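Novice: Here is a sequence together with a model predicted from it:
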Amino acid sequence: MYHLAIRQFVRSLKNLDAILGKAVSHAEAKKFDVNNYCTVRLAPDMLPFTAQIRIATDMAKAAAASLSGKEAPKFEDNETTIEELRGRVRRCISFLDGFNEKDFEKVTSKTVVKIPYPQGKAMLADEYLFGRQIPNFFFHVATAYNLLRQGGVDIGKGDFLGALQMQDA
């Protein structure tokens, strides 16, 4: 689970931070306040950009904490600027970097993981991670990416995926 999920969360969060950096550069070049992105949404009934970043980081840190038996740090959910959101992403990366394979040795597909919502419910570890946490994480990271792309930031799939480690075949 460590390599399948936790390291992938870190990789994607680093890519997200780089994308946020590109949003800052884009706003500077076009001479507008980058924080305008914080309130954008694709539809009137969806959560704004800030919530997309918050939920993505919450999914990643909750997965690591729940599967390892450690406690996740509490983030205040009060970010209102891109720099504050970048700080949140970096704090999440730092938390995830504190884990290693040993932290997940006791987790099996039969491990029961309590979930916060709906209250009083739990899931088996595989369903929790692969059916809930990972899809939610990528939904919100992709939505943040799409909001910035729609807002004119020059990003593409390569920015979303990040550098891939290639080798000769």
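Specialist: Yes, it's here.
Novice: doesn't residue 21 make contact with residue 34?
Specialist: No: using C-beta atoms under 8 Å as the test, residue 34 is too far from residue 21 to be in contact (10.1 Å). For every residue, glycine as well, the C-beta is placed using N, CA and C.
Novice: more crowded one of those two?
Specialist: Under the criterion of other C-beta atoms under 10 Å, the comparison of residue 34 against residue 21 puts residue 34 first, with 19 against 12.
Novice: How about the secondary structure of the closest residue to the more buried one other than its chain neighbours?
Specialist: Nearest-residue entry for residue 34: residue 27, 3.6 Å, with adjacent residues in sequence omitted and distances by C-beta to C-beta, 6 or more residues apart in numbering. When the structure is split into helix, strand and coil by DSSP: H, G, I helix; E, B strand; the rest coil, residue 27 lands in helix.
Novice: got it, and residue 108?
Specialist: In three-state terms, and counting by three-state DSSP, residue 108 is coil.
Novice: What pLDDT does the model give it?
Specialist: Residue 108 is assigned 92 on the pLDDT scale.
Novice: oh, and call the first residue 532 from now on, that's how I've got it
Specialist: Sure, I'll start counting at 532 from here, so that last one is residue 639.
Novice: excluding its backbone neighbours, what's nearest the most centrally placed residue in the chain?
Specialist: Within the chain, one residue has its C-alpha closest to the average C-alpha position: by C-alpha atoms, centre = their mean, that is residue 587, at 3.3 Å. Counting by C-beta to C-beta, 6+ apart, residue 587 lies nearest to residue 671, which is 4.0 Å off, once chain neighbours are set aside.
Novice: Secondary structure class of the one you found, three-state.
Specialist: Relying on three-state DSSP, one would call residue 671 helix.
Novice: mind listing what it touches?
Specialist: Under the criterion of C-beta atoms under 8 Å, 6 or more residues apart in numbering, the neighbours of residue 671 are 583-584, 586-587, 590.
Novice: which residue ranges form the strands in the protein?
Specialist: Listed in chain order, the strands of the chain (DSSP state E) span 643-646, 652-655.
Novice: Compute the distance between the residue nearest to residue 565 and residue 590, please.
Specialist: Residue 558 sits at a distance of 27 Å from residue 590 (criterion: C-beta to C-beta, to the nearest Å).
Novice: Show me which of those two is the more surrounded one.
Specialist: A side-by-side neighbour count of residue 558 and residue 590, using other C-beta under 10 Å, places residue 590 first with 22 against 19.
Novice: Check the spacing between the closest residue to the more buried one other than its chain neighbours and residue 559 real quick.
Specialist: Leaving aside its chain neighbours, residue 590 sits nearest to residue 668 (4.0 Å; criterion: C-beta to C-beta, 6+ apart). Applying C-beta to C-beta, the value for residue 668 to residue 559 is 29 Å.
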